[in-house]
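J.: After the sequence you'll find the predicted model.
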Amino acid sequence: MDTDKMECEAETNEDSDSSLDDEDNELQEQELTNKVTESPYEYENHVKLIKFLKESGELEKLRDARNAMAQIFPLTEELWLEWVQDEIKLASTEHEKKAVLELLDRAVSDYLSVSLWLEYCQFTIGGIGTEAGLAKARDTYERAVSVAGLHVTRGSLIWDSYRVFENAILQSLQPQIGAVQTSEEQTKLEEQEKRIESLFKRQLSTPLLTMEETYLEFQEFLTDGVPKEITDDYNKALCQLKAYHKYEIALNKAEAPRLAEYENYIRALQSKGDIKRLQCIYERALVENCLNASLWQAYTKAMDEDYRVNHAKELKDDENVFYRYHQPLGGKEEMMTDVESLQKPERDVVNKEKNQNDCQSLLNIHKRAVRNCPWSAELWIGYMRAMERLKQPHTDILGVCEEAILAGFSSSNEYLDFWTAWLNYLKRRIEWKSTATVALQEFRDTVQRAIDFMNQYFGGQGDSLYTLQKYWAKVEMHYNNNLDFGREQWNTILTETENGYKAQYWLEYYQLELKYGDLDTCREVLLQAVDMETDTPQKICETLLNFEREYGSLNSFEESNSKVQVILEAEEKHKLKAAKRAEKKMAKSGGGKFWLNMSKADDEGIGQTDYKRRGKEDYKHKERSGDKRDQSKWKKPDNRGEGRKEFHNKDIEKRKKQEKKKQPEKKNGKAEETKREPMKRKVRVKLCLHCQ
């Protein structure tokens, strides 16, 4: 009975401890979940929650937590591998396997990872029992070698795995001993051998480590020796590998993030013009420098430039179409005489598919850039322009713009730059000669929204130069012939702000009127500017006189000249008064404690006399200002440790003795003239008030 009772108590204690542990786990899980909910952009909170859920075995919650983190942040190679391997273990049905493939697609899109690509390729091999599965596996390997196969140190792992896969297929096509092979089977066998030979050729033409071992394997694979053209390509790649060797050694010796070493590597490849290998190095560098916005900017600009070079003709055709249909009202009807050049030829299927792949690849790079560094306005602007260049849907571009505004830039200037780029895009969409006004109204609404946004969050300092309003006015005046609206905007800028006292704004408005308005309005603008007390009236006056010389009559010129002369004379008098005030101010400040910086007594007493002169002026200044302190207490230590008054008295006695010794001897009743050595600087000795 006692034994049964003890066992029952032990079980009760275990159940009690288990329930306490469960309660603690629930509390900890709830605490971590709340942290993620309250601060979704705190990276470490997500990592801690995922780690806790994995240890507790909550698979569904773990999957949700990982998805939530992946929606906000790009994940590292370690986090993706851990996630993918967990899902592969659980995948048993076709639906679950398809979900794993989708997950692998997401995993390889964040950063360059040879390990993830190998995991991807290995998983697809499991479906080669069907024709579709075999095609999927080969397509995955081709994607892998195009992205990670150029990795100098680890790319050979992808190539070797690809060849092992194809060799396994080759072995399955070999005839059984004693079996008669059909012509169809023989054809498949020969095609497979050619496929493997092509793989060897491609790998040997790529600078990779362990190239020598691959070449020896190729020699064993072939029966009649390696062809000369393949050997030449191999030797060329080997020379390239030697050129890259020093950069790889530098990377191997350095510690992460190794930014300087990667930048040296990038500069070397830029000079060679090898865009694919340059892209691979950028990807390798970004694995360790994913938060470096400058590196992402350099990467996206390099890829944008490569796209423009490879698609120059298509972009030129698009430009011609733009100029044809986006001319301002009143502009030339025909910008081009060759109408046929505006008609885009039908491209073949291969080129069309290649263009789509290039577009998608470029967009993915820009998307990853803003995903890693959402605080960079320049990256968002590049993303938006890339979408416009690649003719993405307008709604998609607007979605990116809205996302960018919420990203949180670091300064008002960055917000202003992005709003301006957004407005440029909307302006380019407007077909000014068409009757449709939707695009124009969208442009106007967005300009007003941008102005309100900058005023709301940054006040008058957000757009202190009124860039948005000036841009709006110019667009309306230039493209839409809406002079009244442009003048209203400029009237607001010049009359309702302090910019009316800045000559630069008046001259800018005058130039717009001169280009799009009429001469009478130009004259009114300049005359109104002359009447204002601007910061540089000379510029306004000169512009008014030049305008009257070119467009005005003799009477208008003489009237303007008389008015200008009065203003210029008044300005000259103002300058003279200002100069005199400045001189007086300098004179007062120069008599202060300037003697504190003077040199101490020298052998000839020059520094001492200058010291006394400055001291006297300083004393007078203090006496005038009402300083009645006891003069005997003024002690200015010198190199002999004596006070200022005692110093002056002894100096005077010493100089009197020197003067007596230097008196010339009289000959014939006349004092003989003697030449004294020039002093370093002649200073007239003045006694201070103590000595007088």
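T.: All right, it came through fine.

J.: gap between the nearest residue to Thr153 once chain neighbours are set aside and Lys98?
T.: Take Thr153 and drop its neighbours on the chain: the residue closest to it by Cβ to Cβ, 6 or more residues apart in numbering is Leu209, 5.6 Å away. (Glycine included, C-beta is placed from N, CA and C.) The spacing between Leu209 and Lys98, counted by Cβ to Cβ, to the nearest Å, is 36 Å.

J.: who has more neighbours, those two?
T.: Leu209 (16 against 11; other Cβ atoms under 10 Å).

J.: which residues of the stretch 501-650 of the chain fall in helices?
T.: 503-516, 519-531, 537-551, 554-590, 606-624, 644-661 (DSSP state H, counting those that start in this stretch).

J.: Worst mean pLDDT among those?
T.: When the helices of the stretch 501-650 of the chain are compared on average pLDDT, helix 606-624 comes out lowest at a mean of 43.

J.: what sits against Tyr501?
T.: Counting by Cβ atoms under 8 Å, 6 or more residues apart in numbering, Tyr501 touches Met532, Glu533, Thr534, Asp535.

J.: Buried ones among those?
T.: With neighbours counted using 16 or more other Cβ atoms under 10 Å, the contacts of Tyr501 contain these buried positions: Thr534.

J.: Tabulate the contacts of Tyr501 in a markdown table, adding columns for distance to Glu119 and pLDDT.
T.: Formatted as a markdown table, the entries for the contacts of Tyr501 read as follows, by distance: Cβ to Cβ, whole Å; pLDDT from 0 to 100:
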| residue | distance to Glu119 | pLDDT |
| --- | --- | --- |
| Met532 | 72 | 86 |
| Glu533 | 74 | 79 |
| Thr534 | 70 | 84 |
| Asp535 | 67 | 86 |
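
J.: Of the contacts of Tyr501, which pair is most distant in space?
T.: Spatially, the most separated pair among the contacts of Tyr501 is Met532 and Asp535, at 9.9 Å (Cβ to Cβ).

J.: follow-up on the earlier one: can you tell me which of the contacts of Tyr501 is nearest Gly382?
T.: Distances from the contacts of Tyr501 to Gly382 were compared by Cβ to Cβ; the smallest belongs to Asp535, at 37.5 Å.

J.: Now the closest one. Its backbone dihedrals?
T.: Main-chain dihedrals, Asp535, degrees, to the nearest 10: phi -70, psi -30.

J.: Show me which residues of stretch 425-433 are buried.
T.: Neighbour-count burial for stretch 425-433, counted by 16+ other Cβ under 10 Å, picks out Tyr425, Leu426, Lys427, Ile430, Trp432.

J.: Same check on stretch 132-143?
T.: Across stretch 132-143, burial judged by 16+ other Cβ under 10 Å covers Leu134, Lys136, Ala137, Arg138, Thr140, Tyr141, Arg143.

J.: For Glu476, see how far away Val447 is.
T.: Here the criterion is Cβ to Cβ. By it, Val447 lies 10 Å from Glu476.

J.: scratch that, Met454
T.: Counting by Cβ to Cβ, the gap from Met454 to Glu476 is 19 Å.

J.: Please apply the same query to Tyr43.
T.: In this structure, Tyr43 lies at 46 Å from Glu476, with Cβ to Cβ as the measure.

J.: Met586 too?
T.: Going from Met586 to Glu476 by Cβ to Cβ gives 51 Å.

J.: can you pull the contacts of Lys276?
T.: If a contact means Cβ under 8 Å, 6+ apart, then Lys276 has Leu150 as its contacts.

J.: that older thread, tabulate the buried residues of stretch 132-143 (TSV), appending pLDDT, secondary structure and distance to Ala298.
T.: Formatted as TSV, the entries for the buried residues of stretch 132-143 read as follows, by pLDDT from 0 to 100; DSSP: H, G, I helix; E, B strand; the rest coil; distance: Cβ to Cβ, whole Å:
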residue	pLDDT	secondary structure	distance to Ala298
Leu134	95	helix	40
Lys136	96	helix	35
Ala137	96	helix	35
Arg138	96	helix	34
Thr140	97	helix	30
Tyr141	97	helix	30
Arg143	96	helix	25
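
J.: now those residues as a markdown table including distance to Ala407?
T.: Shown next, in a markdown table, are the buried residues of stretch 132-143 (distance: Cβ to Cβ, whole Å):
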| residue | distance to Ala407 |
| --- | --- |
| Leu134 | 44 |
| Lys136 | 37 |
| Ala137 | 39 |
| Arg138 | 40 |
| Thr140 | 34 |
| Tyr141 | 37 |
| Arg143 | 30 |
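
J.: which among those gets closest to Asp24?
T.: Thr140 (44.3 Å).

J.: what's the closest non-adjacent residue to that closest one?
T.: Residue nearest to Thr140 in three dimensions, not counting chain neighbours: Thr124, with 4.7 Å by Cβ to Cβ, 6+ apart.

J.: how many neighbours does the one you found have?
T.: Around Thr124 there are 22 residues (other Cβ under 10 Å).

J.: which parts of the helix or strand harbouring it are buried?
T.: Here Thr124 is covered by helix 114-125, with elements defined by DSSP states H and E. Of the residues in helix 114-125, those buried under the neighbour-count criterion (16+ other Cβ under 10 Å) are Val114, Leu116, Trp117, Leu118, Glu119, Tyr120, Cys121, Phe123, Thr124, Ile125.

J.: Go ahead and confirm Ala293 touches Val370.
T.: No. Using Cβ atoms under 8 Å as the test, Ala293 is too far from Val370 to be in contact (9.8 Å).

J.: Name the residues contacting each of the two.
T.: Both Ala293 and Val370 are in contact with Ser376, Leu379, where contact means Cβ under 8 Å, 6+ apart.

J.: So those two - more neighbours on which side?
T.: The residue with more neighbours, out of Ala293 and Val370, is Val370; 24 against 18, by other Cβ under 10 Å.

J.: which helices and strands sit right next to the host helix or strand of the more buried one?
T.: With the criterion set as DSSP H and E, the secondary-structure element containing Val370 is helix 349-372. In terms of contacts (3 or more Cβ pairs under 8 Å, 6 or more residues apart in numbering; DSSP states H and E), helix 349-372 is packed against helix 94-110, helix 293-310, helix 377-389.

J.: Of all the residues in the helix or strand just after the shortest one, which ones are buried?
T.: To tie it back to what came earlier, the one meant is helix 377-389. With elements assigned by DSSP H and E, the helix or strand that comes after helix 377-389 is helix 394-405. Applying a neighbour-count criterion of 16+ other Cβ under 10 Å, the buried positions in helix 394-405 are Ile397, Leu398, Val400, Cys401, Ala404, Ile405.
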